[in-house]
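Asks: Mind looking at a prediction? Sequence and model below.
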Amino acid sequence: MINPFFKNYGPFDILDILQFLKINYDDIPTNKEEVCDIKDLFSSTKKDITFFHSKKYKEIANKTKASFCITKDSLKNELPKSCIPLIVGNVLVSTSIITSKFYPESIHDNFDNTVVDISKSKFKKKVKFGNNVLLGTNVLIGSNCTIGHNTIIEKNVLVGNNCSIGSNSIIRNTLIGNNVKILDNCNIGKHGFGFFSDKDKNLRYPHIGIVQINDNCEIGCGATIDRGSMSNTVIGKNTFLDNQIHIAHNVKIGENGIIAGQVGIAGSSIIGKNVKIGGQAGISGHLKIGNNVEIAGGSGVIKDLPDNSKVMGYPAKNIRQFLRENK
Amino acid sequence: MINPFFKNYGPFDILDILQFLKINYDDIPTNKEEVCDIKDLFSSTKKDITFFHSKKYKEIANKTKASFCITKDSLKNELPKSCIPLIVGNVLVSTSIITSKFYPESIHDNFDNTVVDISKSKFKKKVKFGNNVLLGTNVLIGSNCTIGHNTIIEKNVLVGNNCSIGSNSIIRNTLIGNNVKILDNCNIGKHGFGFFSDKDKNLRYPHIGIVQINDNCEIGCGATIDRGSMSNTVIGKNTFLDNQIHIAHNVKIGENGIIAGQVGIAGSSIIGKNVKIGGQAGISGHLKIGNNVEIAGGSGVIKDLPDNSKVMGYPAKNIRQFLRENK
Amino acid sequence: MINPFFKNYGPFDILDILQFLKINYDDIPTNKEEVCDIKDLFSSTKKDITFFHSKKYKEIANKTKASFCITKDSLKNELPKSCIPLIVGNVLVSTSIITSKFYPESIHDNFDNTVVDISKSKFKKKVKFGNNVLLGTNVLIGSNCTIGHNTIIEKNVLVGNNCSIGSNSIIRNTLIGNNVKILDNCNIGKHGFGFFSDKDKNLRYPHIGIVQINDNCEIGCGATIDRGSMSNTVIGKNTFLDNQIHIAHNVKIGENGIIAGQVGIAGSSIIGKNVKIGGQAGISGHLKIGNNVEIAGGSGVIKDLPDNSKVMGYPAKNIRQFLRENK
């Protein structure tokens, strides 16, 4: 993923990485290679380190081009010979630690201190703007856009043409298409609610994904759309979100979605196209919701849903069945 | 409805309107009348155009005084002779198009660029105010009011006496009574979540209604109260709303309501007086909830409720029955 | 409770208090004592007035050291001889009235007009801060902290070391520990949703409690955490809250909690340690949730839960039972 938002502090010497992982590196052939990046099994090149934590990825693991792989003893034999396994106690924690080393700025989301008032930027004539609008460095804004009062657009954010952004919104780590409307009080692009819980002090993991909002979308007031951890959070073309909606990290919503107020979609769920979701419905994490699905307001979806499903209730089931059972 | 918020760009020549609707106007007696406004069947005068999309309004349609009516072939005979039917494919879409022609500023809700800092307005001595408070043109504020930091009150908003408005709130297209308290981070008066879905690019419809908040109300932090489309959104006298509540367009809540945190009320529902709604409950659109109704927290109401009902569950049913069935 | 946030306007002459309560004080031995404070039965000293409204507190009432007690006729004999009962029609309303007399600033939460821009405060070098950050009088901020744009920290708030506070947040009446992260658009420390409903004009009751956020917590975007009425609202050490969460007044959450997006916890509920709550779940008021409890997303908890419970559904029940019954 090409990503203008998080600076890669690599390359690192593999010896540094081993030391960081507290691995006894006597057993490992040290060719002193430089490691350029951390990527998933599929996208890695021989200059990268990757990670492999579950058997269900063994077919991709077989073919990875990475030179190093953070993994566990029971999985190491799935890797090709060109890939040196680094055996750790907890693959995801170690991956998180190394990702933080490459992308230290992807963890903490402190406010952007590169911002300047838009009236002192090159956009002062191009954009119609309110009072106290702040733009970070390298922000790009297309033609015919408006930005309301007190809104903050942090560094590297890209806004397309004909976009309208409301007041009191904060946008970071986000790519916005054309004809997009973002209303007031939105928070788009912060890190997700992802961490390893640990007695006394949880360990936050880095979020190097971004938010992508495609053409013709509308995002209602008070939305929180978190950026992805390893992949992106995506709002499909012409999808409309009502007020007070929460979209967690890595969620992908297809085109032409209609999502009513106060809906919440938990991390990593994939929503098809032409999906309608009624107010206050919730969708659990890591689900796959098909195309043309209709979810009644207030429902709680805890299982994958095939194309064209119409569901209601908690747990959500076929709407006719639900209404029959709940006369 | 007399409405200071949206400028009527009429009158328009009926020929222009016909052209806009792409109607072949050879069949229509063109008396070149000017059309002054678009109104509902009941409120129209002979200077207006109206619309008629469903048989259930036929009795009002019979008596409309409008000179023109956007309607469909199957309904045209219900209209009086004085009213010329304009036959279209989709009555509501065409109505939306013509409403947008009269009230183009009711669609997009761009930020108010007429605002000035309150310290430069005539209210600088009358109102107790925080930092960075912005007032639009023609805002009126009563005596003994306070307005917190970073709050934006857009053009034409009326605030009564003894009101307290918090920080970071945005208020537009709203009439506020006396002794009203609006807390922080509220968004009041934006357009509702109303549009005609259309592949590739949804068509937003205009919202020419307003929000009316009556005397002695309290609106909690993070509320979103959308203005009406054709009618108003109304919060009755002495009704208290807790935090993070969403009130959709055209909703009307009676007096003395008590509505707990994170409740959502969908579009056009009418809530009686003395109604209590527990936290996170949801009410579907277009319902009629009677007086003195009690809705338990977390319930989902999908049917009308008569006066004095006490309900719980999803779908909400009699609370005793629900608790008996769910021991 | 030592409380730097609300000024005690006492002492008051007991005759004033009686007059305020509209009590016929001929029957009462007037020793013209000064009353210094209003406290609960347990914490009162002989310089204080207390209140006693329910039989279940009779054992503490027996031993109260207060010189006066607002109570009702049926309870007065439970008080020790040293405590003079003041008989009223509604104990809680009268208590509210007298508390308001001692702490008039605890009712209305008007914006803090003591604030100055941080760049003009003594913290301008110590803290890394954004644009338009406002600090009230007596705010204290530890070392190595960051505060985002447009954030308001009201008077007397204490922030520990290594804290990161986002943009557009408002914090008042709050004590914040070390290593705490508060994200954007939060509202922390306002009064709770507490009032006596009254036809025409509800009577707000004072909230003299505060919010305490302990070390290592994270508070997600758009949180509302209300301060306590008589006790405090507490977020335990290392507890993480996701986005759009509502925590009502007097709630206490133990350490190491993990609370997902859009959860709501109603007033005065006590949550144990190591508790996990899934997205959109709701917890009714005045409940006791044990340690190590897991509550599935979307659940509605309406009863106390013992340690180690795993629940789901509305009303929430054992998760295995729920899933079996809802196949």
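Replies: Received it, and whenever you're ready, just let me know what you need. No experiment lies behind these values; they were computed from the predicted model shown.
Asks: helix/strand/coil for residue A:99?
Replies: Three-state assignment for residue A:99 (DSSP: H, G, I helix; E, B strand; the rest coil): helix.
Asks: Do a quick rundown of the helices in the stretch 201-327 of chain A.
Replies: Using DSSP state H, counting those that start in this stretch, the helices of the stretch 201-327 of chain A run over residues A:319-325.
Asks: By proximity to chain B, which residue of it wins?
Replies: Across the stretch 201-327 of chain A, the shortest distance to chain B (Cβ to the nearest Cβ) belongs to residue A:298, at 3.7 Å. Backbone N, C-alpha and C define where each C-beta goes, glycine included.
Asks: next one: the stretch 1-150 of chain A
Replies: residue A:148 (3.4 Å).
Asks: Burial check on that residue, number of neighbours?
Replies: Applying other Cβ atoms under 10 Å in any protein chain shown, we find 27 residues neighbouring residue A:148.
Asks: now swap in residue A:110 and tell me
Replies: When counting by other Cβ under 10 Å, one arrives at 16 neighbours for residue A:110.
Asks: wait, doesn't it sit right on residue C:147?
Replies: No: the pair residue A:110 / residue C:147 is not scored as a contact, 9.6 Å apart, by Cβ atoms under 8 Å.
Asks: Look up the residues that both of the two are in contact with.
Replies: residue C:128 (Cβ atoms under 8 Å, 6 or more residues apart in numbering or on different chains).
Asks: who touches residue A:192 in this structure?
Replies: A:207, A:226, A:227, A:228, A:229, A:248, A:249, A:250, A:267.
Asks: same check, this time on residue A:16
Replies: Residue A:16 is in contact with no residue at all, counting by Cβ under 8 Å, 6+ apart.
Asks: May I see the buried residues of whatever helix or strand it lives in?
Replies: According to DSSP states H and E, residue A:16 maps onto helix A:14-20. For helix A:14-20, a neighbour-count test (16 or more other Cβ atoms under 10 Å in any protein chain shown) marks A:14, A:17, A:18 as buried.
Asks: ok, the residue of the stretch 1-150 of chain A closest to chain B - contacts?
Replies: Listed by Cβ under 8 Å, 6+ apart, the contact set of residue A:148 reads A:129, A:130, A:133, A:165, A:166, A:167, A:168, A:169, A:184, B:110, B:111.
Asks: quick one: it and residue A:161, what's the gap?
Replies: For residue A:148, the distance to residue A:161 equals 18 Å [Cβ to Cβ, to the nearest Å].
Asks: try residue A:238
Replies: Going from residue A:238 to residue A:161 by Cβ to Cβ gives 16 Å.
Asks: Neighbour count for those two, which is higher?
Replies: Taking other Cβ under 10 Å, residue A:238 and residue A:161 do not tie; residue A:238 has more neighbours (24 against 14).
Asks: Go ahead and confirm the more buried one touches residue B:204.
Replies: No: look at residue A:238 against residue B:204 with Cβ under 8 Å: they stay out of range, at 11.9 Å.
Asks: Residues of the stretch 1-150 of chain A that sit close to chain C?
Replies: A:108, A:109, A:110, A:111, A:113, A:115, A:117, A:132, A:134, A:150 (Cβ under 8 Å from any Cβ of the partner chain).
Asks: Distance to chain B and pLDDT for those - can I get that in a markdown table?
Replies: As requested, the residues of the stretch 1-150 of chain A next to chain C are exported to a markdown table (distance: Cβ to the nearest Cβ, whole Å; pLDDT from 0 to 100):
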| residue | distance to chain B | pLDDT |
| --- | --- | --- |
| A:108 | 23 | 83 |
| A:109 | 20 | 84 |
| A:110 | 20 | 86 |
| A:111 | 16 | 92 |
| A:113 | 19 | 92 |
| A:115 | 16 | 96 |
| A:117 | 13 | 97 |
| A:132 | 6 | 97 |
| A:134 | 13 | 98 |
| A:150 | 6 | 97 |
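Asks: Compare those residues and tell me which is most surrounded.
Replies: Ranked by the number of neighbours (other Cβ under 10 Å), the residues of the stretch 1-150 of chain A next to chain C place residue A:150 first, at 31 neighbours.
Asks: How about the contacts made by that one?
Replies: A:130-133, A:167-168, B:132, B:150, B:152, B:168, C:132, C:150, C:168.
Asks: next one: residue A:131
Replies: Going by Cβ under 8 Å, 6+ apart, residue A:131 touches A:149, A:150, B:115, B:117, B:132, B:134.
Asks: Next: residue A:237.
Replies: With Cβ under 8 Å, 6+ apart, residue A:237 has these contacts: A:177, A:214, A:215, A:216, A:217, A:255, A:256, B:200.
Asks: Could I get the pLDDT score of the residue in the stretch 201-327 of chain A positioned nearest to chain C?
Replies: Taking Cβ to the nearest Cβ as the measure, the stretch 201-327 of chain A has residue A:300 as its residue closest to chain C, at 3.7 Å. Listed pLDDT for residue A:300 reads 97.
Asks: repeat for residue A:25
Replies: So, for residue A:25, pLDDT stands at 65.
Asks: What is the nearest of the contacts of residue A:148 to chain C?
Replies: Using Cβ to the nearest Cβ, residue A:168 comes nearest to chain C of these, at 6.1 Å.
Asks: The closest one contacts residue A:184, correct?
Replies: Yes: if you go by Cβ under 8 Å, residue A:168 and residue A:184 touch, sitting 5.3 Å apart.
Asks: and for the two, which residues touch both?
Replies: A:148, B:170.
Asks: I'd assumed residue A:311 was in contact with the residue of the stretch 201-327 of chain A closest to chain C.
Replies: No: if you go by Cβ under 8 Å, residue A:300 and residue A:311 don't touch, sitting 9.9 Å apart.
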